[in-house]
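Asker: requesting a structural model of the entry that follows:
(3 chains)
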Amino acid sequence: MSDQKRLFLVDAYALIFRGYYAFIKNPRINSKGVDTSAIMGFMNSLLDVIKRERPDHLAVCFDKGGSADRVEMFEAYKANRDETPEAIKIAVPYIQDILKAMHIPIMVKEGYEADDVIGTLSKQAEKEGYKTFMVTPDKDFAQLVSENIFMYRPVFGGGYETWGIEEVKKKFEVTNPLQVIDFLGMMGDSSDNIPGLPGVGEKTAKKFLAQYGSMENLLANTHELKGKMKENIEGAKELGLLSKKLATIMLDVPVTFDAKDFELDQPNLPKVTEIFMELEFRQLLSNFEKTFSVEAVSNASETTSENTETKATPKETKSAGAGQFSLFGGDISSAEAPKENTFTRKTAETTSHFYQSVASGMATKLFIKNLMSQTSVCFDTETTNINPITAQLVGIAFSWEVGKGFYLPFPENKDEAQELIEQLRPFFESETIEKIGQNLKYDIKVLAKYNVTVKGKLFDTMLAHYLINPDMRHNMDVLAETYLNYTPISIEELIGKKGKNQITMRDVALDKQTEYAVEDADITLQLKEHFEKELGEANTQKLFDEIEVPLLRVLAAMELEGINLDENFLNTLSEQLEIDIKSLETKIYAEAGEEFNIASPKQLGDILFDKLKLVDKPKKTKTGQYATSEDILSYLAKDHAIIQHILDFRGLSKLKSTYVDALPTQVEPSTGRVHTDYMQTVAATGRLSSNNPNLQNIPIRTERGRQVRKAFIPRNEDYVLLAADYSQIELRIIAALSNEETMISAFKNGEDIHASTASKVFNVPIENVTREQRSNAKTVNFGIIYGVSAFGLSNQTDLSRSESKELIDTYYETYPKLRKYISEQIDFARDNGYVQTVLGRRRYLNDINSRNAVVRGAAERNAVNAPIQGSAADIIKLAMIKIYEKLQAGNFKTKMLLQVHDELVFDVYKPELDTIKTLVKTEMENAYKLEVPLDVDLGVGNDWLEAH
DNA sequence: CTAACGACATA
DNA sequence: GTATGTCGTTAGC
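Answerer: This next block holds a predicted model:
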């Protein structure tokens, strides 16, 4: 196998684009003002591949003139891509010159895409006994993978992964790489404009593949499908076959693989030097020289591509401290590292580790002594339950050295468990030992129930990653796979799938508990080492240390506190709602002439538009149903009594099912209160989100809805609720950030900002502004925050498209700095690849330079909105931390209970009310200094509604 | 039991 | 036009 010749085929544009975006945060502009990012990026990748792999044969493939055949088949093919960025356009001739100087063949064929060229060449090379590696991140290539053809994919964060048949099978859940074509054909690909089958996404495509194996077989057996899906697919047979064709990489491009031509040769160094000097690539030149130096080439190891592992090899099992561990005498679980197999992810089985459980008694004492001598320890609690309030400790895992760790099992008996935790108290309450964890809020809450406070510096890997890349997911399994190329033991393996037969951690054998729990701690520790550096690189260390980490303790306290709920009140409300809903139901049935399920949009649509024919040409949703959304129905309300009844029915049903009936079921029996869970790492802008239950969307707009707020009450008669909310914080932020004086002075003068805006854009004195004018101005003000378009505005108001456009134009004339700010934000995003808040919280916008105008437009709106929404989030988080600290320091009985994006709710001990009102208002208004004053409204009451 | 969708609650 | 979470229906394992 090792004497098999290896051919590397590089997908030029894919790497050029990738290289270009890699530098987008910090574009390379040379002294002549030329953006050389794309060239630099591409050359880095190319040299990297050469250095790592030392290919025998190599060629670089380009597109030319797009795929004539595919456009003929489907005119929309790649149609929604537009202009290539300037830097890439100028890059191509340079790159081709460099490749010529390097004696690397450039493969292009007019009318074909690089995919087709690469596909054709790899199949030819395969026949001649070559092993081919297609260097590209593009998943479409997976269809070409065979025993001798591999994908060689650059991965996020550096390094490469090789996809052979096994990887492709696993990734796409297919039995044969060719099925990738069927997969892509079924689910479609928006970036290539491959339409795909309607109603089929990733999941369904995988399912179909498992069942039918191919597009054709699926289409031939649509009689086995049912209902909607059947209808959809039977109606789209041609589309399906077309999609499959579009996704198929052609293998008959008129090009020839010529082994001699493709041999990787010594470059024409003087020529390369000349070009590099022109581009001012000094660093790259020396790198280049090293790569091609005689020494480097002759020292090239025999590594085959299977050994392209970028991550460190497993740590040695033996270590200096290993001897003492036998003292503990508990379960020893460890595994020898088998020969590295880089085709699959590492797991506990393939990685050497030393995970040990600690027996009770002497071993525990020795362990704790060791623990206390550490300066930084990763820990992870294992419990009986995901609800930290009722969860009992089953064990705690600790790790402070990669690949090694200990598990302390907890007795089931409550007193004994408490005794053990008492032994650990000095550790958790130590101010000097740093604690590392993944989602520490959970562990802190669990431990709080054992009356243990976690003190000292914290490092939460989930929070760290949230700041590094807020758009990704942050659960440990994903992080381990992404950053450590490691698949942790799945919880399902231990306790079974969710539902009927699930057991708890307590029922898992100790050695399994140990493996699982210590692995988590070990991985978390490794992730910490990874993220520590990246936090600094993303310039977000401060945000981590001063906002997110301190906030975690605040949130834990708020969640544990919970809020008191008047269940009786809600039950009464529920009964009243039931009566009203029933009566509406009766009316609707009478008006419709039959009974049906009003809550079913499908049935409702059929009744309204097929049976009653209320409209000539009803709108349809993307799935072909009649659209019955509120905005459509409300237009019809004045003509047909049934419509208003339906809208009322919907409103009341939503109210009843989501709030009035659901909230009482969420009361925690052990505390008698409702404990929401604030998610600190889901909202890409930096906001919190709330669930189980979501207390951030309790109704307020309608009279009926806001009654629900009456159910949120103080803990007892010695307390009242205080609601403190920022007035117009987002508009104040955009006024300040854009330095728009007109708006700033309106705020400074305490004007009604929407009326003030209306007065200016409609050119009337502020006291003559009509309700409608104010309302339109308000809509534009909000539109600005969301990234306006005339289209969106006319949808939201009674204005026509052209009136909307005019209003927006006048608006920008009134507030010229605002327009400037918006375009500067978009430019910043284009140049840097991200935007940021006042505190430097970043949001990366990969689509900002997308060739697809729709996708790009969305990214541009994000570029405007994210800094505003995010800065508001930053500011209230600062305020929360400050207030929490003051409440603690002052030993107040008052507790902070809720956060609703721009509002905080407190359970205030009546004697403290005056002090608290001042404290809260002061801290909130001074949390962050802007050119515009922040203004906070306070409300006090015996329920949340009254407090407003 | 899960996924996809439509509808709708908040800031 | 931004950012979320939850519920009910429908359909298919």
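
Asker: and A:His223, how close does it get to A:Ile233?
Answerer: Summarising the geometry, the distance separating A:His223 from A:Ile233, computed by C-beta to C-beta, to the nearest Å, is 11 Å. In short, each C-beta sits where N, CA and C put it, glycine included.

Asker: let me redo that: A:Arg851
Answerer: Counting by C-beta to C-beta, the gap from A:Arg851 to A:Ile233 is 30 Å.

Asker: ok, now A:Gln392?
Answerer: According to C-beta to C-beta, A:Gln392 stands 50 Å off from A:Ile233.

Asker: neighbour count winner among the two?
Answerer: Set side by side, A:Gln392 and A:Ile233 show more neighbours around A:Ile233, with 22 against 17, by other C-beta atoms under 10 Å.

Asker: tell me which element that one falls in.
Answerer: Using DSSP states H and E, A:Ile233 maps to helix A:227-234.

Asker: packing partners for the very next helix or strand once past that helix?
Answerer: Counting by DSSP H and E, the next helix or strand C-terminal to helix A:227-234 is helix A:237-247. Counting by 3 or more C-beta pairs under 8 Å, 6 or more residues apart in numbering; DSSP states H and E, the packing neighbours recorded for helix A:237-247 are helix A:68-73, helix A:179-187, helix A:215-220.

Asker: ok, which of those comes nearest DNA strand C?
Answerer: Taking C-beta to the nearest atom of the strand as the criterion, DNA strand C comes closest to helix A:215-220 out of those, the separation being 11.1 Å.

Asker: is any residue of the closest one near DNA strand C?
Answerer: No - residues of helix A:215-220 are not located near DNA strand C by C-beta under 7 Å from any atom of the strand, the shortest gap being 11.1 Å.

Asker: where does the stretch 101-250 of chain A get nearest to DNA strand B, residue-wise?
Answerer: For the stretch 101-250 of chain A, C-beta to the nearest atom of the strand, closest residue to DNA strand B: A:Lys203, 3.6 Å.

Asker: look up how far DNA strand C lies from that residue.
Answerer: Note on A:Lys203: its distance to DNA strand C, by C-beta to the nearest atom of the strand, to the nearest Å, is 11 Å.

Asker: quick one: that residue is in a strand?
Answerer: No - residue state for A:Lys203 (DSSP: H, G, I helix; E, B strand; the rest coil) corresponds to helix; a strand is not indicated.

Asker: can you get me a residue count around it?
Answerer: When neighbours are counted by other C-beta under 10 Å, A:Lys203 registers 10.

Asker: next one: A:Glu803
Answerer: Taking other C-beta under 10 Å as the criterion, the count of residues near A:Glu803 is 15.

Asker: now it. Nearest residue, chain neighbours left out?
Answerer: Once flanking residues are discounted, A:Glu803 sits nearest to A:Ser794: 7.2 Å by C-beta to C-beta, 6 or more residues apart in numbering.

Asker: dump the residue contacts of that neighbour.
Answerer: A:Ser794 sits next to A:800-801, A:803-804 when contact means C-beta atoms under 8 Å, 6 or more residues apart in numbering.

Asker: at 7 Å what do you get?
Answerer: Residues counted as contacts of A:Ser794 (C-beta atoms under 7 Å, 6 or more residues apart in numbering) are A:800-801, A:804.

Asker: please apply the same query to A:Ala236.
Answerer: With C-beta under 7 Å, 6+ apart as the criterion, the residues that contact A:Ala236 are A:197-198.

Asker: same question for A:Asn370.
Answerer: Contacts here follow C-beta under 7 Å, 6+ apart; on that basis A:Asn370 touches nothing.

Asker: make sure it is indeed in a helix.
Answerer: Yes - A:Asn370: assigned to a helix according to three-state DSSP.

Asker: how close does it sit to DNA strand C?
Answerer: For A:Asn370, the distance to DNA strand C - C-beta to the nearest atom of the strand - is 40 Å.

Asker: how about A:Ala683?
Answerer: Going from A:Ala683 to DNA strand C by C-beta to the nearest atom of the strand gives 4 Å.

Asker: could I get the CA-only coordinates of the helix holding A:Ile233 as PDB?
Answerer: Included here for helix A:227-234 are C-alpha records, laid out as PDB according to Å, rounded to 0.1, in the frame of the first residue of the first chain:
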ATOM      1  CA  GLY A 227     -50.700  11.500   2.500                       C
ATOM      2  CA  LYS A 228     -49.000  14.800   2.100                       C
ATOM      3  CA  MET A 229     -45.500  13.400   1.600                       C
ATOM      4  CA  LYS A 230     -46.900  11.100  -1.100                       C
ATOM      5  CA  GLU A 231     -48.600  13.900  -2.900                       C
ATOM      6  CA  ASN A 232     -45.600  16.100  -2.700                       C
ATOM      7  CA  ILE A 233     -43.200  13.600  -4.100                       C
ATOM      8  CA  GLU A 234     -45.400  12.200  -6.700                       C
END
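
Asker: circling back: mind pulling up the pLDDT for the residue nearest to A:Glu803?
Answerer: pLDDT, A:Ser794: 81.

Asker: off-centre distance for the helix or strand where it lies?
Answerer: A:Ser794 belongs to helix A:790-796 when assigned by DSSP H and E. Helix A:790-796 sits 28 Å away from the centroid of its parent chain (C-alpha atoms, centre = their mean, to the nearest Å).

Asker: then stretch A:201-213?
Answerer: 25 Å.

Asker: export that stretch to CSV, keeping only CA atoms.
Answerer: As requested, the backbone C-alpha atoms of stretch A:201-213 are provided in CSV (Å, rounded to 0.1, in the frame of the first residue of the first chain):
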residue,chain,number,x,y,z
GLY,A,201,-34.8,17.8,4.5
GLU,A,202,-31.7,16.1,5.9
LYS,A,203,-33.6,13.8,8.1
THR,A,204,-36.1,12.6,5.6
ALA,A,205,-33.5,12.2,2.9
LYS,A,206,-31.5,9.9,5.2
LYS,A,207,-34.6,8.0,6.0
PHE,A,208,-35.5,7.5,2.3
LEU,A,209,-32.0,6.5,1.5
ALA,A,210,-32.1,3.8,4.2
GLN,A,211,-35.4,2.6,2.9
TYR,A,212,-35.2,2.9,-0.9
GLY,A,213,-31.5,3.3,-1.5
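
Asker: rounded mean pLDDT for it, please.
Answerer: pLDDT averaged over stretch A:201-213 gives 77.

Asker: could you list the buried residues of it?
Answerer: Neighbour counts using 16 or more other C-beta atoms under 10 Å place A:205-206, A:208-209, A:212 of stretch A:201-213 among the buried residues.

Asker: now render those as JSON lines, adding secondary structure.
Answerer: Putting the buried residues of stretch A:201-213 into JSON lines (three-state DSSP) gives the following:
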{"residue": "A:Ala205", "secondary structure": "helix"}
{"residue": "A:Lys206", "secondary structure": "helix"}
{"residue": "A:Phe208", "secondary structure": "helix"}
{"residue": "A:Leu209", "secondary structure": "helix"}
{"residue": "A:Tyr212", "secondary structure": "helix"}
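
Asker: thank you, goodbye.
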